[in-house]
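Peer 1: need coordinates for the below:
(one chain, ligands or ions: 2)
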Amino acid sequence: MAELRNCPSCGTLYVRNSVRDVCEKCYKEEEKKYDIVYKFLKKRENRSATKDTVVEQTGVDEELIFKWVRKGRLQLAQFPNLGYPCAKCGTIIREGKLCTNCISSIRNDLEVHEKEEIRKEQIQLRTYHSQ
Ligand SMILES: [Zn+2]
Ligand SMILES: [Zn+2]
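Peer 2: Ligands and ions are numbered 1, 2, ... in the order given. Down below sits the predicted model:
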């Protein structure tokens with residue numbers, strides 16, 4: 001089923017598909033920028049660049065860089081200083097959704113919730129294994 005949507009980047013109405021989360025025009029723009037970033041990071045001396053350096057040197061928006069990191073297009077295993085922001089405080093992290101500080105500070109509040117999540121996951125796992 002085609003789904004009409006406003007491009008989150010430029011607002012144009014476009015048909016959404018699973019690969020592209022922006023319109024054709026923005027997708028092409030993004031690919032160009034991805035090339036620039038990728039070429040930059042591919043150089044040995046740039047492997048350990050931080051997000052700030054990448055933004056500075058390539059002029060590409062940090063949001064795009066975070067998106068590629070989240071999607072695994074920029075693999076963190078190759079780039080030790082890249083990451084994406086913690087969902088709560090914005091600290092750069094490399095796995096999960098929250099940084100360790102946020103995790104420990106909200107652990108108490110979350111305990112009940114986490115137990116519930118674990119329970120749900122176990123149910124999902126069971127469902128998965130029984131398929
Ligand atoms: Zn667009
Ligand atoms: Zn945090």
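Peer 1: and V15, helix, strand or coil?
Peer 2: strand (DSSP: H, G, I helix; E, B strand; the rest coil).
Peer 1: gap between stretch 59-66 and the chain center?
Peer 2: Here the centre of stretch 59-66 is set off from its chain's centre by 11 Å, with CA atoms, centre = their mean, to the nearest Å.
Peer 1: contacts for it?
Peer 2: Outside stretch 59-66, the residues that touch it by CB atoms under 8 Å, 6 or more residues apart in numbering are 30, 33-34, 36-37, 51, 54-55, 74, 82, 84-85. For the C-beta atoms, the positions are set from N, CA and C on the backbone; glycine is no exception.
Peer 1: hmm, who's touching the host helix or strand of I36?
Peer 2: Mapping I36 onto the secondary structure by DSSP states H and E places it in helix 24-42. Contact with helix 24-42 is made by 7, 9-10, 12, 14, 20, 22, 46-47, 49, 54, 57-61, 64-65, 68, 73-74, 78-79, 82, as judged by CB under 8 Å, 6+ apart.
Peer 1: 7 Å instead, please
Peer 2: 7, 9-10, 12, 14, 20, 22, 46-47, 49, 54, 57-58, 60, 64-65, 68, 73-74, 79 (CB atoms under 7 Å, 6 or more residues apart in numbering).
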